[in-house]
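Engineer: below is the sequence, then the predicted model.
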Amino acid sequence: MTWLLIAFDGKETALNKRAITKLVNTHPPKTALDQAFYTDVDIYTRDIEEIYLKSWLYAGHVSEIPAIGDWFLFELAGESVIIVRSDTHEINALVNVCRHRGSRICLTARGCARKLICGYHGWTYELDGRLRNAAHMQKTFDKSGIALKKIHVEVLEGMIYVNFGARPASFEVIRNGLTECLRSYRLDTAKVAHRQTYSIDANWKLAVENYSECYHCAPAHPEYTRGHSLAKPGAHSEALMEEVMQRASACGLSDKSVSRIYLDAEGFGADYAYERYPMWQGHITGSEDGQAVAPLLGDVSDYDGGTTDIQIGPVNFALAYCDHVVIYRFTPVSLDRSECDITWLVNGSAEEGKDYDKERLAWLWDVTTTADKRIIESNAKGIKSRYYKPGPLAHMEDYTWKFISWYLRAIKP
Ligand SMILES: [Fe+2]
């Protein structure tokens, strides 16, 4: 380890595969990650190649592209993908690279078009990616068989997931595990009420590690802690749990708790979890005063006093209240910068200004994420110190350890 400490002088390092394997193999159990996992460029490359380009990633919601030809871009690791609704209302994920000389085709964040036209030489594509027209090409040019490259795309209850992998983990495993649990929220008919991106000056793993534990909730999130029992371990009694689960059933919500996350190579990427638990008395949703912020979702008939944590794929998370759902997406931007993108979903028939107030709706998770950004960035600064040494994790960080141990297996050369 000594040579590693010498090699690191506050700048990035570049470890070869042998050194990465050694770091993974010697990682002590239930311990934070070594400095190199946050500062090494070769490890970052493996993060992208072995995790982000092979995992199911939340791209957006069907309500963002309601009409034929509506599209938005999903961008990651230098790649750009056009998520577009086709003439037959299918959702396609087309790589935003012209098959002519490789130009980007769509240049803005979102838009609507009956055809996708490359601005460079005018090559024109159908909404399913097939090349329709290429002007002034020689007579021998055969456009049939030429199409924009597609990546895998799946829609789960209105939520669009993409996967860059050649042979991604079966999304059916996730679909079978979660469809019934999610059904009563009717997220397929929900709409995006608000979306916000938070730029975080930290390696993406620090953001995911932070999201995975509530050890920091009591010190860092007084607003969240007021309503959510997760902030205090073992604080809610079994009787309260039973009472809320009974009310959940009566309200049409799933009282199931399912979990299949951070598996070995054999289950890589087909992770999911759904767990409902009580909020504190007087709190019926995640808001400043614990009171409703939007009309009830879908088929949910009343407030049960609970909330749900959801995981879909290894790096996508969500929280489901009776009147809104908050979807979290963490994506790497560079070795030491990441983005946290949050989507707030409400009942599709709710009207802004009448049925919900956007600021009131987004208040809790905006306040909480702003605080998270601050603590994650402080963590990132400390980790770069010559004096940083990984410390032991608490029981309240079991999910962080689950993530770390899965991560180490996932990137091992
Ligand atoms: Fe937090």
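Structural biologist: That came through, no problem.

Engineer: please make it C-alpha for all contacts and neighbour counts, starting now.
Structural biologist: Fine.

Engineer: buried residues in stretch 160-180?
Structural biologist: Across stretch 160-180, burial judged by 16 or more other CA atoms under 10 Å covers 160-165, 168-169, 171, 174-175, 177-178.

Engineer: could you give the average pLDDT over it?
Structural biologist: Here stretch 160-180 scores 95 as its mean pLDDT.

Engineer: and Ala190, how many neighbours?
Structural biologist: 25 (other CA atoms under 10 Å).

Engineer: who does the lengthiest helix in the chain touch, helix- and strand-wise?
Structural biologist: Criterion DSSP state H: the longest helix present in the chain is helix 358-383. With contacts taken as 3 or more CA pairs under 8 Å, 6 or more residues apart in numbering; DSSP states H and E, helix 358-383 sits against strand 191-200, helix 204-211, helix 217-220, helix 222-225.

Engineer: so how far is it from its chain's centroid?
Structural biologist: In terms of CA atoms, centre = their mean, to the nearest Å, the centre of helix 358-383 is found 16 Å from the chain centre.

Engineer: would you agree Ala109 is in contact with Ser80?
Structural biologist: No: using CA atoms under 8 Å, Ala109 is not in contact with Ser80; the gap is 10.2 Å.

Engineer: hmm, Phe37 is touching Ile43, no?
Structural biologist: Yes: using CA under 8 Å, Phe37 is in contact with Ile43, at 6.2 Å.

Engineer: so what's the residue nearest to Ser301 when sequence neighbours are not counted up against?
Structural biologist: Nearest residue to Ser301, sequence neighbours excluded (CA to CA, 6 or more residues apart in numbering): Cys251, at 4.9 Å. Shown in contact with Cys251 (CA atoms under 8 Å, 6 or more residues apart in numbering): 300-304.

Engineer: who wins on neighbours among the residues you listed?
Structural biologist: Ranking the contacts of Cys251 using other CA under 10 Å puts Asp304 first, with 25 neighbours.

Engineer: okay, that residue: pLDDT?
Structural biologist: Value for Asp304, per-residue pLDDT: 96.

Engineer: buried sites along stretch 61-68?
Structural biologist: Buried residues in stretch 61-68 (16+ other CA under 10 Å): 61-65, 67-68.

Engineer: of all the contacts of Cys251, which comes closest to Tyr120?
Structural biologist: For these, the closest approach to Tyr120 (CA to CA) belongs to Val300, at 49.6 Å.

Engineer: quick one on the thing from earlier: Ala109 and Ser80: which is more packed in?
Structural biologist: Ser80 (19 against 11).

Engineer: so that one sits in a strand?
Structural biologist: Yes: assessed with DSSP: H, G, I helix; E, B strand; the rest coil, Ser80 lies in a strand.

Engineer: where does the closest residue to it other than its chain neighbours fall, phi/psi-wise?
Structural biologist: Leaving aside its chain neighbours, Ser80 sits nearest to Asn96 (5.4 Å; criterion: CA to CA, 6+ apart). With angles defined as degrees, to the nearest 10, Asn96 sits at phi -80, psi 60.

Engineer: just the helices from the chain, written as ranges.
Structural biologist: So, for the chain - with DSSP H - the helices run 2-7, 17-25, 36-39, 41-46, 171-182, 204-211, 217-220, 222-225, 238-250, 358-383, 398-411.

Engineer: is it true that Lys384 touches Gln35?
Structural biologist: Yes: when contacts are counted by CA under 8 Å, Lys384 is listed as touching Gln35 (7.0 Å).

Engineer: circling back: now the helices of the chain in a markdown table, with distance to Asp289?
Structural biologist: Output for the helices of the chain, formatted as a markdown table (distance: least, CA to CA, whole Å):
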| stretch | distance to Asp289 |
| --- | --- |
| helix 2-7 | 48 |
| helix 17-25 | 45 |
| helix 36-39 | 38 |
| helix 41-46 | 41 |
| helix 171-182 | 26 |
| helix 204-211 | 23 |
| helix 217-220 | 17 |
| helix 222-225 | 9 |
| helix 238-250 | 20 |
| helix 358-383 | 10 |
| helix 398-411 | 28 |
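
Engineer: out of those, which is closest to Ile91?
Structural biologist: Smallest distance to Ile91 across the helices of the chain (CA to CA): 15.5 Å, for helix 171-182.

Engineer: list the contacts of the closest one.
Structural biologist: 154, 156-157, 253-254, 256, 258, 270-274, 312-313.

Engineer: check the nearest residue to Gly305 once chain neighbours are set aside and give its pLDDT.
Structural biologist: Using CA to CA, 6+ apart and skipping the chain neighbours, the partner closest in space to Gly305 is Ile284 (4.8 Å). Ile284 is assigned 96 on the pLDDT scale.

Engineer: okay, now Ile284: neighbour count?
Structural biologist: 24.

Engineer: re the thing from before, buried ones among the contacts of helix 171-182?
Structural biologist: Buried among the contacts of helix 171-182 (16+ other CA under 10 Å): 154, 156-157, 253-254, 270-274, 312-313.

Engineer: rewinding a little: need the buried residues of stretch 61-68 in CSV (columns: pLDDT).
Structural biologist: Converted to CSV, the buried residues of stretch 61-68 look like this (pLDDT from 0 to 100):
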residue, pLDDT
His61, 98
Val62, 98
Ser63, 98
Glu64, 98
Ile65, 98
Ala67, 98
Ile68, 98
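
Engineer: Serialize the residues you listed to TSV and add fields for distance to Pro29.
Structural biologist: Formatted as TSV, the buried residues of stretch 61-68 follow (distance: CA to CA, whole Å):
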residue	distance to Pro29
His61	38
Val62	41
Ser63	43
Glu64	43
Ile65	45
Ala67	50
Ile68	51
